[in-house]
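Participant: sequence-free structure coming up:
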């Protein structure tokens, strides 16, 4: 009887260890290495060139990204929280979750009754210009983080005085969301 008792504890330890090892093995990340796209939302936003001459672009996709076997995978949550993927010459090099609601254009609320149409338009243009500046600053920062040179960033994102504001508002927010498209004169 004592001999059976002495063998039971090592067997219990072996079975428990195998169970824990099996559980850990089953819970490992099985996401494939690389980018797996289930839905392309937006792509081809230029971010500049790096010092080696590689073209950097950004795209928004639904899917998963895993840089290598030892890295943690990243997955989009929905079309409202897709992955922002950074490409160098068309090859994905980085991805992170991007919140679309952070970049919605401002909604120009109606002012008080004393506000004239011109004051309303000026206030709305000011809000749009501020939002445009924040978006441009964000994309410049992303390009810089991934190695874009200052010269290439300046060529893609010109300074305020070099640009024409209505065209940029149309290109960043789209023609449906600019002040010119919605304002009733």
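Facilitator: Sure thing, it's come through. Only a predicted model underlies this, so the values are computations on that prediction, with no experimental measurement involved.
Participant: every contact and neighbour count from this point should use C-alpha atoms.
Facilitator: Will do.
Participant: domain parsing for the protein?
Facilitator: Domain assignment of the chain by automatic domain parsing yields the ranges 1-30, 34-100, 104-182.
Participant: list the pairing partners of the lengthiest strand in the chain within its sheet, with orientation.
Facilitator: In the chain, assigned by DSSP state E, the strand with the most residues is strand 34-49. Partner strands and pairing direction for strand 34-49 (DSSP bridges) are strand 55-66 (antiparallel).
Participant: how about the strands in this protein?
Facilitator: 34-49, 55-66, 74-75, 83-88, 91-97.
Participant: where does the chain have its least confident helix or strand?
Facilitator: Across the helices and strands of the chain, the lowest-confidence element by mean pLDDT, DSSP states H and E is helix 179-182, at a mean of 45.
Participant: quick one: distance of stretch 23-37 to the chain centre.
Facilitator: Here the centre of mass of C-alpha atoms in stretch 23-37, compared against the chain's by C-alpha atoms, centre = their mean, to the nearest Å, lies 22 Å away.
Participant: buried set for it?
Facilitator: Within stretch 23-37, the residues scored as buried using 16 or more other C-alpha atoms under 10 Å are 31, 33-35.
Participant: of all the residues you listed, which comes closest to residue 62?
Facilitator: Of all the buried residues of stretch 23-37, residue 62 sits closest to residue 35, with 10.1 Å by C-alpha to C-alpha.
Participant: all helices for the protein, in order.
Facilitator: For the chain, the helices defined by DSSP state H occupy 2-26, 117-145, 150-156, 165-173, 179-182.
Participant: okay, those helices in a markdown table with distance to residue 52 next?
Facilitator: Converted to a markdown table, the helices of the chain look like this (distance: least, C-alpha to C-alpha, whole Å):
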| stretch | distance to residue 52 |
| --- | --- |
| helix 2-26 | 41 |
| helix 117-145 | 14 |
| helix 150-156 | 12 |
| helix 165-173 | 28 |
| helix 179-182 | 40 |
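Participant: neighbours around residue 103, how many?
Facilitator: Residue 103 sits with 14 neighbouring residues when counted by other C-alpha atoms under 10 Å.
Participant: ok, and the closest non-adjacent residue to it?
Facilitator: residue 135 (7.2 Å; C-alpha to C-alpha, 6 or more residues apart in numbering).
Participant: related to what we said a few turns ago, out of the strands of the chain, flag the one nearest residue 159.
Facilitator: Distance to residue 159, taken as C-alpha to C-alpha, is lowest for strand 34-49 among the strands of the chain, at 15.0 Å.
Participant: in stretch 95-110, what's buried?
Facilitator: 95-99, 105.
Participant: how long is it from one end to the other?
Facilitator: End-to-end span of stretch 95-110 (C-alpha to C-alpha, to the nearest Å): 39 Å.
Participant: for the chain, give me the ranges with low pLDDT.
Facilitator: For the chain, the stretches flagged by pLDDT under 70 are 1-5, 27-30, 112-113, 160-185.
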